[in-house]
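Undergrad: need a 3D model of the following:
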Amino acid sequence: MRYPCRLFQPPATSVPDSPPSSGPQRGLRPLDKRGLLQKLAELIHPGPDSKDELIESLADAEGNDIIDAESRAMLEGVIRMADMSAGDAMVAAPRMDVLDINAPYPELLHQVIDTAHSRFPVFEGERENIIGILLAKDLLKLQRAPELSLRALLRPAIFIPENKGLNDLLREFRSKRNHLAIVIDEFGRVAGLITIEDVLEEIVGEIEDEFDTAHDDGDIFALADGSWRVRGDTPIERINESFGVALPEEGFTTIGGLMAHRTGHVPTRGEVHQLAGLRFVVLHSKGGAVKWFKLTPVPT
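TA: Modelled structure (predicted):
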């Protein structure tokens, strides 16, 4: 008897079933939910080809109420920061507030109070010989334990090249939990310093810190050395009344505006100017304006 011949069937393998014949790989493609008009608009108007065009697109988005002004400013800051280096945002070396390791304690304390920073580079011998960073709060430990050495309170100083990108620097600040770095130029000299606040302000604008005071708290404060700390937006009339001087009031309303006009630029930290028998030292400058002056009457 003959039996019907059957072809040999190989065992099943792990190869998945082929997709339905209605469309190749249709199940693996994400569903495109864009409408026809949106697709046409994207075809006719491609994305920006440069950062300038991208920034213009952000302006259009704000004009169309897609984003608000604050979001636009922050996004622009992120875009612009990609091309910036530490040298673009640092405080130049001549304007750095630094402490001398060999200075007496009262002198160090006065300097910390007058400049109102939370961290200071400390040098030994020459200003460029930075040996560490001192936190202002650590200096108070010497009051309770005078036997402590100031050198023992120093934190390690971080040195970075002047051309280090701000994006990389911000990432390094976060990973190493540092807030201040010393910037070195191509010849190995100290070019300046930069803080994490300086970097963040390139994105979000001015940041109020623990030393900023509300306008209701006043605008003129007496300092321990007989000088005065004065807001940059203090009215000129108030300066004249408080110190018995006659600064010109025509065309200007604040002492910061008057000083910027006289110098031809926005004064930066460390600049010294004398006007109407008063000596002005710029303590703090942010956002294109002087925030604080140190004012000292000049003896006649």
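
Undergrad: these two touch, right, residue 275 and residue 259?
TA: Yes - with contacts counted by Cβ atoms under 8 Å, residue 275 reaches residue 259, the gap being 7.4 Å. Yep, even glycine has a C-beta here, placed from its N, CA and C like the rest.

Undergrad: more neighbours, the two?
TA: residue 259 (22 against 16; other Cβ atoms under 10 Å).

Undergrad: SS state for that one?
TA: For residue 259, the assignment made with DSSP: H, G, I helix; E, B strand; the rest coil gives helix.

Undergrad: wait, doesn't it sit right on residue 290?
TA: Yes - with contact defined as Cβ under 8 Å, residue 259 reaches residue 290; the gap is 6.7 Å.

Undergrad: need the overlap of contacts for these two.
TA: 232, 267 (Cβ atoms under 8 Å, 6 or more residues apart in numbering).

Undergrad: ok, residue 137 - contacts?
TA: Taking Cβ under 8 Å, 6+ apart, we find residue 137 in contact with residue 118.

Undergrad: mind running it again at 6 Å?
TA: With contacts defined as Cβ atoms under 6 Å, 6 or more residues apart in numbering, residue 137 has no neighbours.

Undergrad: can you give me the buried ones in the helix or strand hosting it?
TA: For residue 137, the host element (DSSP states H and E) is helix 136-139. Across helix 136-139, burial judged by 16 or more other Cβ atoms under 10 Å covers 136, 138-139.

Undergrad: likewise for stretch 150-166?
TA: 150, 153-154, 157-158, 160, 162, 164, 166.

Undergrad: using a markdown table, lay out these together with pLDDT, distance to residue 263 and secondary structure.
TA: Formatted as a markdown table, those follow (pLDDT from 0 to 100; distance: Cβ to Cβ, whole Å; DSSP: H, G, I helix; E, B strand; the rest coil):
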| residue | pLDDT | distance to residue 263 | secondary structure |
| --- | --- | --- | --- |
| 150 | 88 | 36 | helix |
| 153 | 91 | 38 | helix |
| 154 | 94 | 36 | coil |
| 157 | 94 | 32 | coil |
| 158 | 94 | 33 | coil |
| 160 | 96 | 31 | strand |
| 162 | 93 | 26 | coil |
| 164 | 94 | 31 | coil |
| 166 | 91 | 28 | helix |
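
Undergrad: what packs against the host helix or strand of residue 181?
TA: According to DSSP H and E, residue 181 maps onto strand 180-184. Packing partners of strand 180-184 (3 or more Cβ pairs under 6 Å, 6 or more residues apart in numbering; DSSP states H and E): strand 159-161, strand 190-195.

Undergrad: now the last one: average pLDDT?
TA: This points to strand 190-195. Strand 190-195 carries an average pLDDT of 93.
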